[in-house]
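Student: let's see this in three dimensions:
(chains A, B and C)
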Amino acid sequence: MATQNADSHGLAHVMSKRMLIGIFLALVALTWITVGVTKVDFGPTVNLVVAMVIAGIKGILVVLFFMHLLYDRPFNMVVFVGCLVFVVIFITLAMVDSAAYQPSIDPYKTPEGLIKAPAQP
Amino acid sequence: MSDTESTKPGHEHPAHLAHHFDNPQQQYNAGKLGMWLFLTTEILLFSALFCWYAVYRAAHPEVFIYAHKFLDVNLGAINTIVLLFSSLTMAWAVRASQMGDRRTLVITLSLTLLCAFAFLGIKSIEYRHKWHEGLLWVSRYDPQHHDTHEGHETAHTQAATTPAAVPVVAAASATTQRDAEGRIVETLVIKEPAKDLHVGPTGVVETWTEKHEMTQGHAAKMGESPRLAGLFFSIYFVMTGLHGVHVLVGMGLITWILIRGARGEFSAQYFAPVDSVGLYWHIVDLVWIFLFPLLYLIH
Amino acid sequence: MTAVTTNHTPPSLTPDLVREDNYLTHGSGIMSWLFTLDHKRIGVMYLISVIASFLLGGVFALIIRTQLSTPEGVIWTTQLQFKLYNQMFTLHGAVMIFLVLIPGIPGALGNFILPLMIGAKDVAFPKLNLLSYHLYVIGAVVIVVSIIFGAVDTGWTFYAPYSVRTDTAVELMVLGAFILGFSSILTGINFIVTIHALRPPGMTWFKMPLMLWALYATSIIQILATPVLGITLVLLAVEKMMKIGIFNSAYGGDPVLFQHFFWFYSHPAVYIMILPAMGIISEVISTYSRKPVFGYRFVALSSIAIAIIGFLVWGHHMFPNGQSTLLGTIFSFMTMLVAIPSAIKVWNWLATMYKGSIDLKTPMCYALAFLFLFAIGGLTGIFLGSLATNVQLHDTYFVVAHFHYVMFGGTMIGFLAGLHHWWPKITGRMYHQGLGRLGCLLVFIGFNLTFFPQFVMGSHGMPRRWARYEPEYWPYHAASTVGAYIQLVAFILIAVYLLHSLFRGRKAPANPWGSGTLEWQTTSPPPHDNFAVAPTVDEPYNTDNLVYDPAIGGYVNKPTDTPAGPAAVPH
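Tutor: Sure, this is the predicted structure:
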């Protein structure tokens, strides 16, 4: 059922029922794993990395199979990956900057970590 | 590369082929590329919110570790499964439209719509709970009671030591100590007025409940500033709120496709609208796949 | 689309006049325009709207310059009144950027020319194109309406925390900008898909006219950057209305984060503004030097390079604003890099002109002005991108002068070049060349008189966005104001002769300038379906088979059926 339609009207690849259900079960399994893994504490950084890796795998499955990107014209994949590259650049540079200027803010923080709010009108 | 295979005889410009395209394949490829470009804008829209999350989590990790416990992991997990299932039914609907299977198309689209309703229903339960608890964004963060799901209640009964009953009045007291691992533990003891005040063999018996809560984390300060904790909920409401708006829009789109599909407008030669709405719906699912661990599974 | 071989009468012997049935006459009534799917009509509507917005922004500019004619202020003199001045420069910036510079060339000229340049019947998604225009109008109306509801006094940059504490109509204006963002995104999607899907056989990527490379690169930026502006503006409005603590430090927020979000869009946005203008310059210089563009691949790939590197420099707007020195260093370095592809283009345009047969028609005059003004604007960007000098120059008139040189001297001059170059194609009329050149000269003189003194006074410390100043800066401001009024005269002149041409101009031939790109192979103005006969595809700037025909005042294909392709006969 996964084969390209043979006649000239086949515009795109058709996903087989088996593949669809299989991917869904994989996604459910990964969800179960990601919830279960929170019972173990590897420390905040590793916890986050593990969660993001699992989410990333789930995302890859959704994009490649449910969204057909694996079977699609290559340029559509270029568009998607290119977009992610810019997201990573954006978030990384902002995070690096924020981390780098935190020390210069510290002297101005109240014990609660805030600048006290002015009386609002 | 433009596809310009000549149209086969008998297939010149079918009704669904726009006049500026040469053939259905060219039109389909163009529509697909356009949709992926649009999805790029959706991803970048959410990326600023993920950036906000990342910057604030790095700067205030204790806020996230404290406040995320107010979220119900079970509801979040159920919602995740619901959306994943809706992605399955949506992909199935695309397959059905590609095969010209109208009946399956209508069933799977209806199921997708149902899942979307369920998702929003569960979300609204969560939002209502937060509203009642005062767990809102930073300027309106006003928690009613500190139920972090890690506290526990113990019932106490104390036999009266004096003949005359001294009724317990509602009171709260807090003590801060370090526990065995050196973590700061703030114990809040709330005494509810006695519900059971009866005279026993030895005198008046009082009953009260004690609620203990623990504040964990490497915050060296004594407990959390309520406003800082509200930052988590600012992020929570904006991210899930924008996601919810996208779910709503998706429901509208799916309804539109459902009506058109029920009318038999789609076939193996023309199913691009189903495909496009499907792609949109999967992006909505994709965003939630990342939101769930980031908001609910921080431990 | 296959090339048609015929033995028609050589076009030089047939009167090549405006066909009665062209896109302008195809269907009448306001509804046939407001709900058209024809990219040419959409382009014309954009053109009218963009010009109207430019006039509105120009009026705000004249008010600003008038206010600054004397050190104490001419219109507003008290502290309370200066808030009105703040609103004036905010409006000037917002209108010029969001209503003129961002949508201008892609919407008004790109929409019209792009399908013609690739020999197509329309863009890939005509309905989205119409939606894009409608969103433009709605966004424009919302921004103008915000004036009534208190305008905005934050500057077009909406910096937090002031923007979330001021009592002016911030939410309305950002709503207008948000809507305009969608207009921009839809245009970008349309252009990329059109260039991918609708090129004719034979027009490979490196045989496209450079205008298409420029529009493609512009569209990449529109798609990647604009959504971030959208969400930033939404967050700003939510912060102001609901106090969620994202940008306002009083609630735990981070104002520098706003700037990161804002400039992630707004720096690439300036490349949205300049890249299409550079595309026009490629077309104009090649046409009026009668030479293909030198270093075609370098110019084409430079457009893409500018688009990509342009995403990596946004922090150069934030050097003294709380950004860390680590990031400042990174962004300063990247800013130096982004100048390189722009310089590559300038050298290639000069090389195109070398040993070319220069024809100083009005578009060429504007192109030459562009080279001069953009070079100054670009070079002064280097001063600003360097960390040490930036400390001195940040928020001074040096910055104001720099961005006016690149946005006005670059984009608007490019727009004027393109407008004059394609005017015959769009309207079917020729304008008066002498007046055209005079208008260019007046714009050039007025522009330099307005903005060059601003470099000097900026480096001497004159701050930007101030309603009054120390008397030592008076001569510079006075010169600047005089220049602004000269520009007013110049633009009135341009408007007059262009409008005059609509009614009394000589009817235009298909190819009045002897250009080699495809849009000149159809009549002026084109028919509804763009090409009566499918055009032949050749090297993009090949003019070997063109010969001037004095009978029609334009260029025609040589009479014989050459291997280069048959004549495209408008019948």
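
Student: what about the chain, any weak spots by pLDDT?
Tutor: You didn't say which chain, so I picked chain A. Within chain A, the stretches with pLDDT under 70 are A:1-9, A:111-121.

Student: should've been chain B
Tutor: Using pLDDT under 70, chain B drops low at B:1-13, B:144-227.

Student: can you give the domain ranges for it?
Tutor: B:30-142+B:226-296, B:152-212 (automatic domain parsing).

Student: make CSV from those domains and add distance to chain A and mean neighbour count to it.
Tutor: All C-beta atoms are positioned from the backbone trio N, CA, C, and that covers glycine. Shown next, in CSV, are those (distance: least, C-beta to the nearest C-beta, whole Å; neighbours: other C-beta atoms under 10 Å in any protein chain shown):
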stretch, distance to chain A, mean neighbour count
domain B:30-142+B:226-296, 4, 20
domain B:152-212, 12, 13
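
Student: tell me which of the ones you listed lies nearest to residue B:22.
Tutor: Between residue B:22 and these, the tightest spacing by C-beta to C-beta is seen for domain B:30-142+B:226-296, at 10.7 Å.

Student: scan chain A for its longest helix.
Tutor: Taking DSSP state H as the criterion, chain A has its longest helix at helix A:74-105.

Student: mind listing what's buried along it?
Tutor: For helix A:74-105, burial by neighbour count (16 or more other C-beta atoms under 10 Å in any protein chain shown) applies to A:76, A:79-80, A:82-83, A:86-87, A:90-91, A:93-98, A:101, A:105.

Student: same question, stretch C:500-515
Tutor: So stretch C:500-515, judged by 16+ other C-beta under 10 Å, has buried residues C:501, C:505, C:507-515.

Student: same question, stretch A:61-73
Tutor: A:61-63, A:65-69, A:72-73.

Student: returning to what we had before: can you put the domains of chain B in TSV and add distance to residue C:536?
Tutor: What follows is these, written out as TSV (distance: least, C-beta to C-beta, whole Å):
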stretch	distance to residue C:536
domain B:30-142+B:226-296	23
domain B:152-212	79
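
Student: quick check: which of those domains is nearest to chain C?
Tutor: Minimum separation from chain C across the domains of chain B (C-beta to the nearest C-beta) falls at domain B:30-142+B:226-296, 3.5 Å.

Student: can I get the buried residues of stretch A:61-73 in a markdown table including secondary structure and distance to residue C:209?
Tutor: Listed next are the buried residues of stretch A:61-73 as a markdown table, based on DSSP: H, G, I helix; E, B strand; the rest coil; distance: C-beta to C-beta, whole Å:
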| residue | secondary structure | distance to residue C:209 |
| --- | --- | --- |
| A:61 | helix | 42 |
| A:62 | helix | 40 |
| A:63 | helix | 35 |
| A:65 | helix | 40 |
| A:66 | helix | 39 |
| A:67 | coil | 34 |
| A:68 | coil | 34 |
| A:69 | helix | 32 |
| A:72 | coil | 29 |
| A:73 | coil | 25 |
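
Student: check the residues you listed against chain B, which are close?
Tutor: Among the buried residues of stretch A:61-73, the ones lying near chain B by C-beta under 8 Å from any C-beta of the partner chain are A:62-63, A:65-67, A:72-73.

Student: now, among these, which is nearest to residue C:390?
Tutor: Residue C:390 lies nearest to residue A:63 out of these, by C-beta to C-beta, at 41.3 Å.

Student: in contact with the closest one, which residues?
Tutor: A:69, A:80, B:282, B:286 (C-beta atoms under 8 Å, 6 or more residues apart in numbering or on different chains).

Student: can you give me the helices for the stretch 301-450 of chain C?
Tutor: Along the stretch 301-450 of chain C, counting by DSSP state H, counting those that start in this stretch, helices occupy C:325-353, C:362-385, C:387-393, C:397-406, C:413-427, C:433-459.

Student: likewise chain B?
Tutor: Going by DSSP H, chain B shows helices at B:24-59, B:61-67, B:73-98, B:102-133, B:226-262, B:272-296.

Student: now residue C:74, what's its secondary structure?
Tutor: coil (DSSP: H, G, I helix; E, B strand; the rest coil).

Student: show the pLDDT at it.
Tutor: For residue C:74, the model assigns a pLDDT of 94.

Student: now the longest helix along chain C and helix C:362-385, what's the angle there?
Tutor: For chain C, the helix that runs over the most residues, judged by DSSP H, is helix C:255-289. Helix C:255-289 and helix C:362-385 meet at an angle of 150 degrees, taking axes from the mean of the first three to the mean of the last three C-alpha atoms, to 10 degrees as the criterion.

Student: got the angle between helix C:255-289 and helix B:24-59?
Tutor: Counting by the same axes, to 10 degrees, helix C:255-289 lies at 140 degrees to helix B:24-59.

Student: list phi and psi for residue C:26.
Tutor: phi -80, psi 100 (degrees, to the nearest 10).

Student: quick check: it vs chain B, distance?
Tutor: Noted for residue C:26: a distance of 14 Å to chain B, by C-beta to the nearest C-beta, to the nearest Å.

Student: name the helices or strands packed onto the helix or strand containing residue C:500?
Tutor: If you go by DSSP states H and E, residue C:500 is part of helix C:474-504. When contacts are defined as 3 or more C-beta pairs under 8 Å, 6 or more residues apart in numbering or on different chains; DSSP states H and E, helix C:474-504 packs onto helix C:39-67, helix C:413-427, helix C:433-459.

Student: how distant is whichever helix or strand comes after the first one from the center of its chain?
Tutor: Following the chain from helix C:39-67 toward its C-terminal end, the next helix or strand by DSSP H and E is helix C:79-94. The chain centre lies 25 Å from the centre of helix C:79-94; the measure is C-alpha atoms, centre = their mean, to the nearest Å.

Student: packing partners for helix C:79-94?
Tutor: Packed next to helix C:79-94, using 3+ C-beta pairs under 8 Å, 6+ apart, are helix C:39-67, helix C:126-148.

Student: ok, the closest residue to residue C:342 other than its chain neighbours - contacts?
Tutor: In this structure, residue C:342 finds its nearest non-sequential neighbour in residue C:378, 5.5 Å apart by C-beta to C-beta, 6 or more residues apart in numbering or on different chains. Counting by C-beta under 8 Å, 6+ apart, residue C:378 touches C:339, C:342-343, C:346, C:406.

Student: residue C:34 versus residue C:378, what's the distance?
Tutor: Distance from residue C:378 to residue C:34, counting by C-beta to C-beta, to the nearest Å: 40 Å.

Student: and what of residue C:404?
Tutor: 34 Å.

Student: between these two, which is the more surrounded one?
Tutor: Neighbour tally, residue C:404 and residue C:34, criterion other C-beta atoms under 10 Å in any protein chain shown: the higher count belongs to residue C:404, 21 against 13.

Student: that one contacts residue C:453, doesn't it?
Tutor: No - in this structure residue C:404 lies outside contact range of residue C:453 using C-beta atoms under 8 Å: 11.8 Å.

Student: is it true that residue C:151 touches residue C:92?
Tutor: No - the criterion here is C-beta under 8 Å, and residue C:151 misses it with residue C:92 at 11.2 Å.

Student: does the spatially most central residue of chain A sit in a helix, a strand or a coil?
Tutor: Centrality entry for chain A: nearest residue to the mean C-alpha point is residue A:56, 4.9 Å, by C-alpha atoms, centre = their mean. Assigned by three-state DSSP, the conformation of residue A:56 is helix.
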